[in-house]
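1. With the input below, show me the fold.
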Amino acid sequence: MTTQLRAPDPTRFETGPKRSRRRIALPWLMLTVWIGLVVGGLSLAGKLDSVTRDNQADYLPAGAQSTKVLLAEAGLPGGGDGLLVVVYERADGIRPGDREAAVRGYTALAKRFGNDTDAPPEIVESNHGTALMLGLPLDRKWVTDEAEAVSVADARALLADRPDGLNAYVTGPSAIGADMDEVFDAVDARLLLATTVVVALLLILTYRSPLLWLVPLASVGVAAVTSMGAVYALTQVFDFTITSMSSALLIVLVFGAGTDYALLLVSRYREELHRHERPIDAMMAALRGAGPAIAASAGTVTAGLLCLLVADLNSTSGLGPVGAAGIAVSLLVMLTFFPALLVVLGRRIFWPFVPRLGVEARRSGSRWARLGELVDRRRVVSWAVPLVILGALALGLVGASGSLPQLDQFARSTPDSVTGAKLIDERFPGQGGQPVTVMSRPDKSKEVLAAVRNTSGVASAESGRAGKDWVEIEAIPVDSPESAGETATIKRLRDTVQKVAGDAALVGGPSAELLDTDETNKGDRNRVMPLILLVVLVILGLLLRAVVAPLVLVATVVVSFFGALGLCNLLFDRVLGFGGWESSVPLIGFLFLVALGVDYNIFLMSRVREEAVRHGTVAGTKRGLAVTGGVITSAGVVLAATFAVLASLPLVMLIEIGILVAVGVLIDTLLVRSIVVPALTMSLGSRIWWPGKLSRTSEDREGTGSMNPRGR
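-> Down below sits the predicted model:
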């Protein structure tokens with residue numbers, strides 16, 4: 001039997017200069033690789049808009065009745081159709097020339113959009129004689145994503161020929177959709193610019209250096225471009241929905257999380273530069289020290305985002321992989337490209353506060369050390385009072401408004417489509433109902449039509465197009481769109497046709513789509529929120545090797561969320577005057593606040609555990625707070641400011657998400673993580689680590705017992 005000898009690894013025995021050269025070359029190699037990735041990512045990132053979809057059908061699950069109606073309509077002669085509604089208004093009363101202008105407008109629209117120009121227009125005059133209303137059916141080719149904006153813009157241009165003082169508004173589902181798309185089209189560019197400016201200003205204030213702030217900002221820019229390219233690449237492999245909302249949140253998430261990781265790593269790197277002569281050695285030590293906590297933080301957020309995959313609403317489900325890809329790319333950039341760039345630039349990048357070798361780092365944690373001592377002296381008060389305050393804020397949810405109506409989605413400026421729709425509701429009571437589409441199998445169409453006409457809340461119903469598989473019935477509700485009365489009518493219609501024809505009849509249309517969206521969101525909240533909590537608990541348990549600590553941390557984050565939700569509900573209702581919560585906002589806010597709130601607790605408690613091994617839980621908590629307090633608070637402020645940028649956009653949904661997450665992050669960072677968590681940890685003492693080994697050690701080598709006998 002012979003033994004084969006393995007050749008020795010030539011790099012294993014390399015000594016000083018040669019190994020040093022290889023290590024120094026590593027950052028340059030890393031930067032070269034990333035330059036190639038960014039070049040490729042730019043071409044893919046530019047294609048992300050091409051796969052973004054914002055139609056209501058793209059949001060809904062395939063099983064929703066309104067989705068099935070859209071599919072059935074597409075199979076009818078001419079496909080699905082749309083509707084333009086035109087409202088003419090003169091405050092002092094309609095004149096004869098105004099009616100002539102309405103006829104001219106209808107003829108021009110019919111000619112442009114291929115309708116029968118010989119058919120006389122049905123023009124309805126309001127009761128007080130101040131408005132005229134007419135409707136124009138649109139073939140489906142005019143209401144696709146690409147053509148909808150064109151058709152609405154053309155319609156508005158064709159109505160310019162009218163007397164002075166006569167206002168004309170193009171409204172209806174197609175016009176509202178086009179106005180929404182127009183707002184979304186400007187979101188990404190505006191958001192990217194605003195976010196970049198805000199992050200740059202905060203980095204300048206944080207570092208007080210004319211150069212250093214450029215490094216994390218450039219790195220976050222690399223992460224943003226690469227993540228958009230990665231998301232586009234994922235859409236070519238997997239089938240998930242990307243909406244303008246998820247695209248906007250991707251930008252905010254990458255900038256916020258990436259900047260947080262940069263702040264944490266720079267803080268540790270600056271500390272190590274006082275101990276190591278070469279930047280490369282200092283960076284390797286910083287990565288060993290801060291890298292695991294940053295990776296654990298990113299893993300928690302990613303796992304939380306992927307929980308969204310179980311949601312039924314396509315837009316919510318699609319946000320999961322979009323956000324997860326953004327966090328994963330941000331982590332990769334901040335642990336590879338960002339460190340390499342810092343190393344190549346050397347110590348001088350910190351000018352004028354250049355860290356000197358052998359000079360003890362200036363401690364900025366004195367205020368946090370004093371806070372730790374204060375919390376230690378008043379442990380119960382420090383956690384009880386904030387929790388009572390958060391509970392009181394949560395009471396702001398009492399009497400919370402229902403879902404936000406579609407007409408109230410626009411902030412700061414009201415488009416013509418919304419003005420027209422509200423004008424119809426005001427001037428044409430009982431005549432401004434939005435069509436509800438009922439689809440019936442041919443053999444049941446007569447019974448279904450009769451049932452629809454006899455349903456309470458239906459003003460009229462007529463059969464429309466017919467195909468081999470389906471017959472279309474158009475019902476006009478008495479009540480205005482999205483009102484409680486219209487919603488009740490849609491529910492009654494579904495019950496009625498279900499009794500008459502079972503699955504052979506379906507009820508859809510724009511208002512039914514919104515109803516299905518709201519109901520799907522409610523189901524998703526009940527399903528996804530507990531899953532997020534479970535996943536976060538498991539991850540925290542594995543990281544901290546305990547059961548009590550994860551339960552305490554998650555409980556504080558949940559209380560923080562409901563406090564922020566109640567406070568924001570009062571703000572939206574009493575101050576900003578919003579018509580309610582957009583139905584997806586509470587779930588998205590819960591995800592971000594739980595995942596990101598636990599993020600900062602991971603940074604704090606991982607350091608507390610490290611210190612507790614050597615000094616005991618109480619002393620370890622004070623030491624951990626003193627060391628991490630400044631940088632975590634800076635990271636929280638940056639993240640809150642990044643999400644607050646969403647409040648500058650003209651869509652209520654994004655404003656609500658931005659303000660909710662910003663308020664929640666500030667509450668969690670400044671109150672819960674800085675005071676409540678340290679107070680609870682010191683009150684529980686070593687029992688916080690139960691059932692881990694650390695819970696069985698003698699309490700506080702430098703302090704008092706786990707629970708002070710005087711009741712602190």
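
2. roughly how far apart are residue 461 and residue 86?
-> 23 Å (CB to CB, to the nearest Å). Just so you know, the C-beta spots here come from the backbone N, C-alpha and C atoms, and that holds for glycine as well.

3. of those two, who's got more company?
-> residue 86 (26 against 22; other CB atoms under 10 Å).

4. doesn't that one fall inside a strand?
-> Yes. Assigned with DSSP: H, G, I helix; E, B strand; the rest coil, residue 86 falls within a strand.

5. Is it in contact with residue 134, as I believe?
-> Yes. Because the distance of 5.3 Å satisfies CB atoms under 8 Å, residue 86 is recorded as touching residue 134.

6. what about the stretch 201-350 of the chain, any weak spots by pLDDT?
-> Scanning the stretch 201-350 of the chain for pLDDT under 70 picks out no residues.

7. ok, which stretches of it are helices?
-> Counting by DSSP state H, counting those that start in this stretch, one finds helices in the stretch 201-350 of the chain at the ranges 214-235, 244-273, 279-306, 314-335, 337-345.

8. who touches both of residue 86 and residue 134?
-> In the contact map built from CB atoms under 8 Å, 6 or more residues apart in numbering, the residues linked to both residue 86 and residue 134 are 102, 105-106.

9. Go through those residues and flag which are in helices.
-> When the shared contacts of residue 86 and residue 134 are checked against helices using DSSP state H, the ones located there are 102, 105-106.

10. Adding neighbour count, distance to residue 611 and pLDDT, write those out as JSON lines.
-> Below are these laid out as JSON lines (neighbours: other CB atoms under 10 Å; distance: CB to CB, whole Å; pLDDT from 0 to 100):
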{"residue": "102", "neighbour count": "24", "distance to residue 611": "77", "pLDDT": "91"}
{"residue": "105", "neighbour count": "25", "distance to residue 611": "75", "pLDDT": "90"}
{"residue": "106", "neighbour count": "23", "distance to residue 611": "77", "pLDDT": "88"}
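
11. Any regions of this protein where pLDDT drops low?
-> In the prediction, the chain carries residues with pLDDT under 70 at positions 1-24, 56-57, 78-82, 114-119, 139-149, 359-365, 401-402, 430-433, 698-712.

12. which ones are touching the most centrally placed residue in it?
-> With distances taken as CA atoms, centre = their mean, residue 249 lies nearest the centre of the chain, 4.6 Å away. Residue 249 makes contact with 319, 322-323, 588, 657 under the criterion CB under 8 Å, 6+ apart.

13. Pick out the most distant pair among those.
-> Considering CB to CB, no two members of these lie farther apart than 322 and 657, which are separated by 14.2 Å.

14. which residues are in contact with stretch 674-684?
-> When contacts are taken as CB under 8 Å, 6+ apart, the neighbours of stretch 674-684 outside the stretch itself are 371-372, 375-376, 378-380, 382-383, 386-387, 548-549, 552-553, 556, 601, 604-605, 608, 617-618, 621-622, 625, 629, 633, 688, 706-707, 712.

15. In helices only, show me those.
-> 371-372, 375-376, 379-380, 382-383, 386-387, 548-549, 552-553, 556, 601, 604-605, 608, 617-618, 621-622, 625, 629, 633.

16. how about the helices in the stretch 551-700 of the chain?
-> Taking DSSP H, counting those that start in this stretch, the helices of the stretch 551-700 of the chain run over residues 585-615, 617-644, 652-667, 677-684.

17. The first one vs helix 652-667, what angle?
-> What it means is helix 585-615. Between the axes of helix 585-615 and helix 652-667, defined by axes from the mean of the first three to the mean of the last three CA atoms, to 10 degrees, the angle is 20 degrees.

18. And helix 585-615, what does it pack against?
-> helix 244-273, helix 279-306, helix 314-335, helix 510-544, helix 548-570, helix 617-644, helix 652-667, helix 677-684 (3 or more CB pairs under 8 Å, 6 or more residues apart in numbering; DSSP states H and E).

19. what about 7 Å?
-> When contacts are defined as 3 or more CB pairs under 7 Å, 6 or more residues apart in numbering; DSSP states H and E, helix 585-615 packs onto helix 279-306, helix 510-544, helix 548-570, helix 617-644, helix 652-667, helix 677-684.

20. So residue 134: helix, strand or coil?
-> Remark: residue 134 carries the secondary structure label strand [criterion: three-state DSSP].

21. re the thing from before, in JSON lines: the helices of the stretch 201-350 of the chain, plus distance to residue 48.
-> Supplementary listing: those in JSON lines, determined by distance: least, CB to CB, whole Å:
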{"stretch": "helix 214-235", "distance to residue 48": "5"}
{"stretch": "helix 244-273", "distance to residue 48": "7"}
{"stretch": "helix 279-306", "distance to residue 48": "18"}
{"stretch": "helix 314-335", "distance to residue 48": "10"}
{"stretch": "helix 337-345", "distance to residue 48": "21"}
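
22. can the helices of the stretch 551-700 of the chain go into JSON lines with extra columns for distance to residue 434?
-> As requested, those are exported to JSON lines (distance: least, CB to CB, whole Å):
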{"stretch": "helix 585-615", "distance to residue 434": "24"}
{"stretch": "helix 617-644", "distance to residue 434": "34"}
{"stretch": "helix 652-667", "distance to residue 434": "20"}
{"stretch": "helix 677-684", "distance to residue 434": "50"}
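
23. which stretch among the helices of the stretch 201-350 of the chain comes nearest residue 450?
-> Evaluated over the helices of the stretch 201-350 of the chain, closeness to residue 450 peaks at helix 314-335, with 35.0 Å, by CB to CB.

24. Export the closest one to CSV, keeping only CA atoms.
-> Listed next in CSV are the C-alpha coordinates belonging to helix 314-335 (Å, rounded to 0.1, in the frame of the first residue of the first chain):
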residue,chain,number,x,y,z
ASN,A,314,-49.7,40.0,-6.2
SER,A,315,-48.3,43.4,-5.4
THR,A,316,-47.5,42.5,-1.8
SER,A,317,-46.1,39.1,-2.7
GLY,A,318,-43.9,40.6,-5.4
LEU,A,319,-42.4,43.1,-2.9
GLY,A,320,-40.9,40.1,-1.1
PRO,A,321,-38.3,39.1,-3.7
VAL,A,322,-37.8,42.7,-4.8
GLY,A,323,-36.9,43.9,-1.3
ALA,A,324,-34.9,40.7,-0.5
ALA,A,325,-32.8,41.2,-3.6
GLY,A,326,-32.1,44.8,-2.6
ILE,A,327,-31.0,43.9,0.9
ALA,A,328,-28.8,41.0,-0.4
VAL,A,329,-27.1,43.3,-2.9
SER,A,330,-26.6,46.0,-0.3
LEU,A,331,-25.0,43.6,2.0
LEU,A,332,-22.7,42.3,-0.7
VAL,A,333,-21.6,45.8,-1.8
MET,A,334,-21.1,47.0,1.8
LEU,A,335,-18.9,44.0,2.7
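
25. so how far is that helix off the chain centroid?
-> Shown here is helix 314-335, whose average C-alpha point lies 11 Å from the average C-alpha point of the whole chain (CA atoms, centre = their mean, to the nearest Å).

26. which secondary structure elements does that helix contact?
-> In this structure, helix 314-335 packs against helix 56-59, helix 214-235, helix 244-273, helix 279-306, with contacts taken as 3+ CB pairs under 7 Å, 6+ apart.

27. Pick the most buried one from these.
-> Among the helices and strands packed on helix 314-335, the stretch with the highest mean neighbour count (mean count of other CB atoms under 10 Å) is helix 244-273, at a mean of 25.
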